[in-house]
Structure formats: C-alpha cells, structure tokens
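> the amino acid sequence is not available; the structure is as follows:
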C-alpha cells in the first residue's frame with residue numbers, strides 16, 4: 001500500500017508548501033502528483049491534507065505518514081550508502097571550486113553532512129586559484145565546480161541544482177526602493193557594486209543591462225557580500241545579488257530589494273562534474289545532499 005515515493009511526495013509537499021512547488025521537487029507534473037496523492041488517499045480511506053491551505057495543513061493521517069517518512073527515509077539513504085561501500089565504490093576524491101561568492105551559506109552544511117557519511121572520500125576546497133576552474137575540471141585538477149555560467153567542454157556534465165532570482169539591493173530611502181521593479185535605464189545613473197569578476201559572468205549585465213545597451217554610471221567592486229551591503233545601505237551604490245544572499249539583510253530591514261525587470265532575472269546554479277564520476281555513488285549522494293540542503297536553508301529558490 002505504501003511506497004517510498006509516497007513518503008518522499010509528502011515530505012516535498014510539507015517542505016514546499018504547495019502542490020505546484022512539490023511537483024517540481026519530485027519531478028512530476030502537478031496533475032500526476034495530485035493523482036498519486038488521491039490514489040493513496042483512496043487506498044488509505046483518509047485524506048492526507050486539507051485542500052486550498054497554504055502552507056499545507058496535514059490531517060492526522062498525513063502527519064502520521066510524515067512521522068514515518070522522517071524515520072524511514074534517512075534509514076533508506078543510509079542503507080544505500082552502505083550498499084555502495086559493500087560494492088567497493090566508496091573511494092573517491094572531491095576537490096571543488098566555487099564560482100559563486102555567496103554559495104558558502106548552503107555549501108558548507110552540505111560538505112559537513114557529506115563528510116560524516118563518506119569519510120573515505122577526500123574533500124578539499126583549494127583557495128587562491130590561478131586558473132579557470134572549468135578547464136581545470138576537464139583536466140582532472142578539480143572534481144566539481146559550482147557555477148552559474150556553464151561552458152561546453154568535452155567530458156563535462158552540468159547537473160542543475162536550483163534556480164534563483166537576481167534582485168537589486170538599494171538603500172532603504174533610495175528613489176528606486178518603492179518600485180515593483182526596475183528597468184535597465186534606471187541603472188544608467190547608478191553606481192553598480194559587483195564582485196570582482198568579469199562582467200560576462202554577472203547576470204545583471206548579461207541578462208539585464210547588455211541586451212538593453214545600458215551601462216551604469218560607475219562600476220565598483222567589493223570582495224565580500226557584507227561589504228557590498230554596507231556600501232548599499234550607506235547610499236554609495238546599488239548591487240544585484242541572488243535572492244537567498246539578501247534574505248538576512250531584508251529581514252533586518254538593512255536594505256530594500258527590487259526585481260530586475262517586470263519578469264525578473266532568473267538563473268540556474270549548476271554543479272559541473274566529469275562524465276566519468278557522474279555515476280559514482282558518492283558523487284550522486286553529494287549532489288542529492290546539495291539539493292536537499294539548499295532547499296532546507298535558502299529561501300526563494302526553485303527546482304531546476
């Protein structure tokens with residue numbers, strides 16, 4: 001009567017808060033997910049949650065199955081890891097680079113969790129790269145690269161992790177703060193603060209300013225997100241960051257955020273790996289852990 005997919009569906013429904021987002025997380029259409037839940041409810045003879053509630057409100061039967069899921073699914077995951085070890089596939093090396101200045105918020109919990117379960121895999125995040133990470137991945141100097149800028153390289157696979165929206169951070173009393181969204185022309189007289197990377201790797205240029213042929217009045221750089229926020233809050237400029245990177249500053253009312261364009265600017269974050277390691281159990285587990293951790297700790301992201 002009960003299958004693991006049912007438990008995973010209920011967990012996704014609880015975490016996502018709606019059928020639409022839950023369907024995306026389990027890679028089903030909303031119709032297919034609704035049919036799966038309805039079929040289970042008919043077999044159990046009881047509804048599992050109240051319709052048209054957001055966040056989803058579970059019935060006693062639904063809560064009981066969620067409790068079961070919290071007990072069973074981690075055990076299944078652990079058994080899968082153990083079976084991989086018994087098959088002799090536990091050895092590996094995971095040297096990674098991060099082309100994302102604000103990714104440590106979710107990457108470090110991912111690495112810590114992964115290390116606890118795969119102590120045999122050598123993990124390192126070497127700093128001070130004097131080379132382009134993606135070609136280094138292809139040359140086997142690295143094993144994984146977190147990037148939002150995939151390049152076609154032989155033998156390299158890009159695994160989508162999640163989608164995120166870029167938002168413009170402005171000072172609380174900035175003239176743009178009260179707008180529902182900004183246009184490229186709105187930034188023509190602004191100082192744009194960015195990380196010290198090429199403009200070709202920044203979504204605010206490639207997806208927003210460049211197509212409109214607009215250049216900001218001035219561009220200045222800052223190494224750290226907190227430095228960028230201090231400059232923005234003091235009225236020294238504006239900056240575009242992923243929505244999750246702004247969450248804590250918005251909650252503290254330190255800055256305001258405005259959408260980039262009426263439809264927003266959305267991008268996908270990828271884990272670049274070599275095809276040869278794609279099927280390794282420890283790599284599959286790292287990627288799954290990365291997705292689960294991201295959705296657990298970041299707000300405003302969507303399944304890729």
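Okay, I see it. Since this is a predicted model, take the numbers as computed values, not measurements.
> dead centre of the chain: give me the residue that sits there.
In the chain, the centroid-proximal residue (C-alpha atoms, centre = their mean) is residue 162; its distance is 4.1 Å.
> and it, what does it touch?
When contacts are counted by C-beta atoms under 8 Å, 6 or more residues apart in numbering, residue 162 touches 268, 269, 291, 294, 295, 298, 301, 302, 303, 304. Bear in mind the C-beta positions are built from the backbone N, C-alpha and C, glycine included.
> determine the three-state secondary structure at the fifth one.
To tie it back to what came earlier, the one meant is residue 295. helix (DSSP: H, G, I helix; E, B strand; the rest coil).
> what sits closest to residue 163 if chain neighbours are left out?
Among residues not flanking residue 163 along the chain, residue 302 sits closest, at 4.4 Å (C-beta to C-beta, 6 or more residues apart in numbering).
> got it, and residue 224?
Nearest non-adjacent residue to residue 224, counting by C-beta to C-beta, 6+ apart: residue 101, 7.7 Å away.
> quickly list the domain ranges of this protein.
The chain breaks down by the TED database into domains covering 4-86, 91-160+269-303, 163-266.
> for residue 183, give its distance to residue 177.
Distance, residue 183 to residue 177, using C-beta to C-beta, to the nearest Å: 15 Å.
> quick check, residue 176 in a helix?
No - counting by three-state DSSP, residue 176 is not found in a helix; it is coil.
> what's the neighbour count on it?
16 (other C-beta atoms under 10 Å).
> thought it was touching residue 182?
Yes - taking C-beta atoms under 8 Å as the definition, residue 176 is a contact partner of residue 182 at 5.6 Å.
> and the helices in the stretch 201-304 of the chain?
For the stretch 201-304 of the chain, applying DSSP state H, counting those that start in this stretch gives helices covering 203, 210-212, 225-233, 243-251, 281-297.
> can you list those helices in JSON lines and add mean neighbour count, mean pLDDT and distance to residue 93?
What follows is the helices of the stretch 201-304 of the chain, written out as JSON lines (neighbours: other C-beta atoms under 10 Å; pLDDT from 0 to 100; distance: least, C-beta to C-beta, whole Å):
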{"stretch": "helix 203", "mean neighbour count": "20", "mean pLDDT": "92", "distance to residue 93": "31"}
{"stretch": "helix 210-212", "mean neighbour count": "13", "mean pLDDT": "96", "distance to residue 93": "38"}
{"stretch": "helix 225-233", "mean neighbour count": "19", "mean pLDDT": "95", "distance to residue 93": "30"}
{"stretch": "helix 243-251", "mean neighbour count": "18", "mean pLDDT": "92", "distance to residue 93": "29"}
{"stretch": "helix 281-297", "mean neighbour count": "19", "mean pLDDT": "90", "distance to residue 93": "10"}
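> I'd like those laid out as a markdown table, including distance to residue 97.
Below are the helices of the stretch 201-304 of the chain laid out as a markdown table (distance: least, C-beta to C-beta, whole Å):
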| stretch | distance to residue 97 |
| --- | --- |
| helix 203 | 19 |
| helix 210-212 | 26 |
| helix 225-233 | 18 |
| helix 243-251 | 19 |
| helix 281-297 | 15 |
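> wait, which of the ones you listed is closest to residue 261?
Residue 261 lies closest to helix 210-212 among the helices of the stretch 201-304 of the chain, at 9.3 Å (C-beta to C-beta).
> which residues does the closest one contact?
Contacts of helix 210-212 (C-beta under 8 Å, 6+ apart): 183, 184, 185.
> and the closest residue to the last one other than its chain neighbours, how many neighbours does it have?
Same thing as residue 185. Nearest non-adjacent residue to residue 185, counting by C-beta to C-beta, 6+ apart: residue 214, 6.0 Å away. Neighbours of residue 214 under the rule other C-beta under 10 Å: 15.
> and what of residue 11?
What residue 11 shows, counting by other C-beta under 10 Å, is a neighbour count of 19.
> quick one: the nearest residue to it once chain neighbours are set aside from residue 23, how far?
Among residues not flanking residue 11 along the chain, residue 69 sits closest, at 5.1 Å (C-beta to C-beta, 6+ apart). Residue 69 sits 17 Å away from residue 23, going by C-beta to C-beta.
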